[in-house]
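Undergrad: Pasted the sequence and its predicted model underneath.
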Amino acid sequence: MSSFLRPVIEGQDQRTSASHYRPVSSHLAIAPPVSVVIPAMNEAENLPYVFKTLPAWIHEVILVDGNSTDDTVRVARDLWPGIKVVKQRGRGKGDALISGFAACTGEIIVMVDADGSADGHEIVSYVSALVSGADFAKGSRFANGGGTDDMTPVRKLGNRVLCAVVNAKFGARYTDLCYGYNAFWRHCLDKIDLDCTGFEVETLMNIRVVKAGLRVQEIPSHEYVRIHGMSNLSAVRDGLRVLRVILKEQGKRRTGRRRPPVFAPGAGRGEVS
């Protein structure tokens with residue numbers, strides 16, 4: 001069994017368990033602290049749905065506030081006492097995530113959207129893949145066991161085409177490309193060096209983990225419909241930005257000796273307050 005995972009044994013020294021391991025269930029505990037990063041702008045109505053699914057064993061939650069004009073920050077603090085709030089200085093999802101990653105203290109980082117489309121109960125599957133040997137656990141709505149309630153036919157087609165291009169150009173075997181529910185060891189940030197500001201950040205991460213030779217495992221995930229409000233995503237505009245990222249990355253030299261990605265079948269720029 002991995003040194004990061006161990007069974008919870010009845011009668012064991014609880015002081016040792018509490019200081020080194022976090023209980024995931026009555027039968028399993030983990031050692032690495034897990035940070036959850038949630039970029040949000042005017043998501044006060046959706047946050048209750050997001051936070052109620054987050055596991056209690058999470059080490060920390062970091063909310064990156066994109067200058068919200070509603071009660072996003074107050075609601076987040078009411079729902080999760082001790083939450084770390086990062087005030088975003090720039091604009092865009094990529095900028096927000098980079099700011100949030102810089103504020104993390106956990107060894108594992110999980111990306112979760114604030115619109116209620118992601119189920120926090122799935123985090124255990126991502127963490128499990130990481131402590132079992134993966135560097136990057138990539139959510140997929142199209143892997144066996146995944147699904148989506150929120151993609152139009154146009155977005156599905158665009159995602160499929162762009163995913164095929166990335167697989168062909170970079171030797172990946174992804175079933176999904178433009179999805180924001182992912183988890184990874186914090187040391188991966190040193191190898192992928194994120195430098196984009198918009199929704200294309202997920203594609204950039206997916207390409208650079210393959211180019212860096214990191215071990216990737218896809219996690220089947222179900223995407224739900226946004227509960228309140230309108231998405232800032234534009235299929236055409238952001239699709240073109242994703243394509244530009246793909247073409248730009250194709251022209252860059254690989255940063256390390258690449259290993260084939262591993263897939264399981266079916267399976268500081270902000271202000272901290």
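TA: Received the coordinates, thanks. Residues are numbered from 1 along each chain as shown.

Undergrad: Surely residue 173 is in contact with residue 167?
TA: Yes. Look at residue 173 against residue 167 with Cβ atoms under 8 Å: they come within range, at 6.2 Å. In short, each C-beta sits where N, CA and C put it, glycine included.

Undergrad: Run through the strands of this structure in chain order.
TA: With DSSP state E, the ranges of strands along the chain come out as 5-7, 22-23, 28-30, 34-40, 60-65, 84-87, 108-111, 136-140, 147-148, 182-185, 216-220, 222-223, 271-272.

Undergrad: Need those strands in JSON lines (columns: mean pLDDT).
TA: JSON lines is the format used below for those (pLDDT from 0 to 100):
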{"stretch": "strand 5-7", "mean pLDDT": "56"}
{"stretch": "strand 22-23", "mean pLDDT": "80"}
{"stretch": "strand 28-30", "mean pLDDT": "75"}
{"stretch": "strand 34-40", "mean pLDDT": "97"}
{"stretch": "strand 60-65", "mean pLDDT": "98"}
{"stretch": "strand 84-87", "mean pLDDT": "96"}
{"stretch": "strand 108-111", "mean pLDDT": "98"}
{"stretch": "strand 136-140", "mean pLDDT": "97"}
{"stretch": "strand 147-148", "mean pLDDT": "92"}
{"stretch": "strand 182-185", "mean pLDDT": "98"}
{"stretch": "strand 216-220", "mean pLDDT": "97"}
{"stretch": "strand 222-223", "mean pLDDT": "94"}
{"stretch": "strand 271-272", "mean pLDDT": "49"}
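
Undergrad: okay, those strands in a markdown table with distance to residue 94 and mean neighbour count next?
TA: Below are the strands of the chain laid out as a markdown table (distance: least, Cβ to Cβ, whole Å; neighbours: other Cβ atoms under 10 Å):
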| stretch | distance to residue 94 | mean neighbour count |
| --- | --- | --- |
| strand 5-7 | 32 | 15 |
| strand 22-23 | 30 | 16 |
| strand 28-30 | 29 | 19 |
| strand 34-40 | 9 | 26 |
| strand 60-65 | 11 | 24 |
| strand 84-87 | 14 | 20 |
| strand 108-111 | 11 | 24 |
| strand 136-140 | 17 | 26 |
| strand 147-148 | 22 | 16 |
| strand 182-185 | 13 | 23 |
| strand 216-220 | 20 | 24 |
| strand 222-223 | 19 | 18 |
| strand 271-272 | 18 | 12 |
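
Undergrad: got the contact list for residue 245?
TA: Residue 245 is in contact with 196, 200, 203, 204, 207, counting by Cβ atoms under 8 Å, 6 or more residues apart in numbering.

Undergrad: how about the strands of the chain in TSV, adding distance to residue 124?
TA: Output for those, formatted as TSV (distance: least, Cβ to Cβ, whole Å):
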stretch	distance to residue 124
strand 5-7	11
strand 22-23	11
strand 28-30	9
strand 34-40	10
strand 60-65	16
strand 84-87	22
strand 108-111	10
strand 136-140	11
strand 147-148	18
strand 182-185	10
strand 216-220	10
strand 222-223	14
strand 271-272	27
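
Undergrad: Which among those strands is found nearest to residue 53?
TA: strand 34-40 (10.9 Å; Cβ to Cβ).

Undergrad: Would you mind getting the angle between that closest one and strand 60-65?
TA: Here the directions of strand 34-40 and strand 60-65 differ by 20 degrees (axes from the mean of the first three to the mean of the last three Cα atoms, to 10 degrees).

Undergrad: Residue 145 - how many residues pack around it?
TA: Here the number of neighbours of residue 145 (other Cβ atoms under 10 Å) works out to 13.

Undergrad: confidence score at it?
TA: pLDDT for residue 145: 93.

Undergrad: Grab the nearest non-local neighbour of it.
TA: Excluding the flanking residues, the one nearest residue 145 by Cβ to Cβ, 6 or more residues apart in numbering is residue 220, at 3.3 Å.

Undergrad: ok so, going back, out of the contacts of residue 245, who's the most crowded?
TA: That'd be residue 203 among those, by other Cβ under 10 Å, with 26 neighbours.
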